[in-house]
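1. have a look; sequence and predicted model below, questions after that.
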Amino acid sequence: ESCGGTSTATSIMGTSVKLESSERCPYFCRKEECHDEEFVRENRDRANQWISQCTPRVYLMEHERPYFVRAKLEDERRRKRWETMYNNMPTMPFDTWCEMKRQEEAQAAGGR
């Protein structure tokens, strides 16, 4: 149905209402406008520009980032290094460790 001439619209109550050309139905006009290829292309371009403006720039170098971001990243890196270090650390039974400490203390006392 076109916006020009007579068109039929259904009201909220479910009754059909005839609209004359002077009483153009905004729903049908908007629907026709949205199906226009030029309209769709322009809106897609606008949306793509808006999205590209809102997305974070991943090409910022480390020194270009704000201080709080650099500090947060450094804390995360430090935490991951410590976590990796402790996860990769070999375990030793306490008795073996205690015996090694006694031998080290004996060597230190004998070297004096």
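-> Everything's here; your move. Residues are numbered from 1 along each chain as shown.

2. what about residue 81, neighbour count?
-> 10 (other Cβ atoms under 10 Å). Every residue, glycine included, has its C-beta placed from N, CA and C.

3. off-centre distance for the helix or strand hosting it?
-> According to DSSP states H and E, residue 81 maps onto helix 67-88. Using Cα atoms, centre = their mean, to the nearest Å, we find the averaged C-alpha position of helix 67-88 to lie 21 Å away from the chain's own average C-alpha position.

4. now do stretch 100-112
-> Averaging C-alpha coordinates over stretch 100-112 and over its chain gives two centres that are 57 Å apart (Cα atoms, centre = their mean).

5. could you do stretch 88-106 as well?
-> Taking the mean C-alpha point of stretch 88-106 and that of its whole chain, the gap between them comes to 48 Å (Cα atoms, centre = their mean).

6. all helices of the chain, in order?
-> With DSSP state H applied, the chain shows helices at 26-34, 37-54, 67-88, 94-110, listed in chain order.
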